[in-house]
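[1] kindly generate the corresponding structure for this input.
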Amino acid sequence: MSSRLQWREVTSYGLFASVAFSILVLGSYVVDPLMWVGDFPPEVRARVDEIPPASEQRAVVMFFAIVALLLGVTGRLGYRLRRLGAREGSFGRVFVHLLLVLTFVNLWDFLVVDLLVFNLFHPDFMLIPGAEEEAKRYATAWFHFEASLHGTPIFIGMALIVAAACRLLVKSTPVADGASA
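    As a prediction, the model looks like this:
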């Protein structure tokens, strides 16, 4: 492998993580949209009298499922890059690759889940019961763009942590030509 960015890796890992993320998020809306009420603006949250404890528990489980997915995907890519050798597996190079994968997921969430599915199609399963009209009013590109910007520092931190863990825990050894990591 060359010492340039591995765009094939970034796009394949990013696409896998994005599709899995979408399945988790959209599936969780089908199961219980109230678990996402905290992501809605104050006008929508005000229309919800009380969040049932089961919804709060599902929100915690969903949070950990998403974190596990993203850590698993970035950890696997970081491991793979470290195994390619010192140059490809340097901390900086691994960090950049991981951040690009997480940015891919963030953009996918903004463009596909938020703008396409939520804003354009307004599926009933993504609306908060009792606050349907308020939710449709906030369905603007700007609201979702701002929300996606809030994820950026989190993704930078996650990429730093995973790149550092890979640097400390995975031995950098070149893979023989034709072999896979």
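[2] same for the helix or strand bottoming out on mean pLDDT in the chain, what does it pack against?
    Within the chain, confidence by mean pLDDT, DSSP states H and E is lowest for helix 132-137 among all helices and strands, at a mean of 77. Under the contact criterion of 3 or more C-beta pairs under 8 Å, 6 or more residues apart in numbering; DSSP states H and E, helix 132-137 touches helix 42-47. For the C-beta atoms, the positions are set from N, CA and C on the backbone; glycine is no exception.
[3] check which helices and strands the helix it packs on sits against.
    With contacts defined as 3+ C-beta pairs under 8 Å, 6+ apart, helix 42-47 has these neighbours: helix 132-137.
[4] got the buried residues for the helix it packs on?
    E134, A135 (16 or more other C-beta atoms under 10 Å).
[5] I'd like the next helix or strand past it.
    In the C-terminal direction, the helix or strand that comes right after helix 132-137 (DSSP states H and E) is helix 141-169.
[6] any idea how far I161 is from the residue nearest the centre of the chain?
    Nearest to the mean C-alpha position of the chain, by C-alpha atoms, centre = their mean, lies V105 at 4.8 Å. To I161, V105 is 16 Å away according to C-beta to C-beta, to the nearest Å.
[7] please apply the same query to S22.
    24 Å.
[8] then G89?
    According to C-beta to C-beta, G89 and I161 sit 16 Å apart.
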